[in-house]
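> Task: produce atomic coordinates for the following.
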Amino acid sequence: MYSYIKGTLVRRTDEVIVVENNGIGYEIICPFLMSSELGPCGEDVIIYLYQSVKEDDISLFGFTSQEQKDMFLLLITVSSVGPKSAMSVCSQIKPDKLAVAVMNGDVKALTNVKGLGKKTAERIILELRDKLKKTSSASSSPVISGAGFTSSDPSLFEDAVNALMVLGYKEDDSRQAVSASYEDGAELQDIIKNSLKKMVR
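Numbers count the residues shown, from 1 in each chain. Presented below is the predicted three-dimensional model:
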């Protein structure tokens, strides 16, 4: 199983990129909405990979960040969501926005993703929420609040923690990251975004 590849971006289309490493060109599924973040062809890049193996096909799916890949791996655990559908979601919605949509049961935010129907969006919300509930009920971890940390809005803090758990992070790690990122007056999505930057996988 591939984890990532470092090489030179030599080709980009609407759906795929080609990265050259040691004289070999790797064709990687990476929609333009993602690959446009990589800069011009000829630049050295790092692409996080997922290898899909089927009876009649072996494909590499590529991501510009570990957070995107983590979200993809989470989405393909959802019933009826395959790699192509998950990639479509990842290319059109950021991890922090997905977490907020799941937390709020915002079906509309997900159906704004091209190619994602209402039933699939509802399934994503239902199953990821259920995963959060199972994780929370199985955890007996104490509340972690960083040194000197205080919050004027405990519910917002907990929402941010739960949102990170929706994305597959452990509760302790989520609390640590939110504690380090929380600022009074900040929006939930901003707290999640800053917390994701601090997460160490």
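> what does the model give the residue sitting furthest away from the middle of the chain for pLDDT?
Distance from the centre of the chain peaks at residue 23, with 30.8 Å (C-alpha atoms, centre = their mean). pLDDT, residue 23: 96.
> tell me the phi and psi of it?
When read as degrees, to the nearest 10, the backbone of residue 23 gives phi 80, psi 0.
> quick check, residue 62 in a strand?
Yes. Counting by DSSP: H, G, I helix; E, B strand; the rest coil, residue 62 falls inside a strand.
> what's the neighbour count on it?
Using other C-beta atoms under 10 Å, residue 62 is surrounded by 28 other residues. From N, CA and C alone the C-beta is placed, and that goes for glycine too.
> cool, and residue 99?
28.
> how about it, what does it touch?
Contacts were defined as C-beta atoms under 8 Å, 6 or more residues apart in numbering; by that measure residue 99 touches 163, 164, 166, 167, 192.
> If we use 6 Å, what do you get?
163, 166, 167, 192 (C-beta atoms under 6 Å, 6 or more residues apart in numbering).
> Which positions within stretch 3-20 qualify as buried?
Using 16 or more other C-beta atoms under 10 Å as the test for burial, stretch 3-20 gives 5, 7, 9, 12, 16, 17, 18, 19.
> that older thread, check the gap between the residue farthest from the centre of the chain and residue 166 for me.
Residue 23 sits at a distance of 42 Å from residue 166 (criterion: C-beta to C-beta, to the nearest Å).
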